[in-house]
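Engineer: No sequence on hand, only this structure:
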């Protein structure tokens with residue numbers, strides 16, 4: 001029997017080829033100063049690497065796993081002993097979820113709908129570990145949340161507001 005253990009992610013960063021941070025999710029407590037330094041160092045390190053180089057690197061006491069999709073880099077940090085291939089699969093699954101939701105996701109989708117990108121990530125990962133591996137189930141949860149939001153934003157009459165209809 002094969003038992004897969006998922007990596008406990010330390011953080012995930014999404015940044016552009018120009019080095020602009022588009023999304024960041026931290027699963028470990030760090031000060032803002034530390035977060036900024038880590039982000040700056042990692043973005044510079046990854047952007048300096050050649051395209052044909054391996055997507056894994058050892059950095060400090062962590063293992064960095066990254067993948068470029070179009071103009072965005074998806075970068076995750078996991079413990080040194082964690083499986084980098086599972087982490088790569090987690091990145092790919094998140095990109096697939098974004099693609100399904102936005103219909104071929106691009107950097108502008110992340111910029112203008114960052115709250116949705118965070119929501120999708122939160123539906124998929126909880127505390128840095130996958131909480132749901134089924135794309136179908138994650139997308140269904142997101143769809144239900146969208147419906148609830150639409151209902152809440154729908155204009156209602158005064159009578160409905162006070163419960164008379």
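Structural biologist: Everything's here; your move. Remember, it's a predicted structure, so these values are computed and weren't measured experimentally. Numbers count the residues shown, from 1 in each chain.
Engineer: For residue 73, give its distance to residue 19.
Structural biologist: Distance, residue 73 to residue 19, using Cβ to Cβ, to the nearest Å: 9 Å. C-betas here are computed from N, CA, C, even on glycine.
Engineer: Between the two, which is the more surrounded one?
Structural biologist: Neighbours per residue (other Cβ atoms under 10 Å) separate residue 73 from residue 19, with residue 73 holding more: 22 against 13.
Engineer: SS state for that one?
Structural biologist: Assigned by DSSP: H, G, I helix; E, B strand; the rest coil, the conformation of residue 73 is strand.
Engineer: so what's residue 93 up against?
Structural biologist: By Cβ atoms under 8 Å, 6 or more residues apart in numbering, the residues touching residue 93 are 124, 130, 133, 135.
Engineer: does it sit in a helix or strand, and which one?
Structural biologist: Per DSSP states H and E, residue 93 falls inside helix 84-102.
Engineer: Centre of the chain to that helix, how far?
Structural biologist: The chain centre lies 8 Å from the centre of helix 84-102; the measure is Cα atoms, centre = their mean, to the nearest Å.
Engineer: what's the next secondary structure element after that helix?
Structural biologist: Following the chain from helix 84-102 toward its C-terminal end, the next helix or strand by DSSP H and E is helix 107-112.
Engineer: what helices or strands is that next one leaning on?
Structural biologist: If contacts are counted by 3 or more Cβ pairs under 8 Å, 6 or more residues apart in numbering; DSSP states H and E, helix 107-112 sits against strand 21-26, helix 84-102.
Engineer: would you turn those into TSV with mean pLDDT?
Structural biologist: TSV is the format used below for those (pLDDT from 0 to 100):
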stretch	mean pLDDT
strand 21-26	96
helix 84-102	94
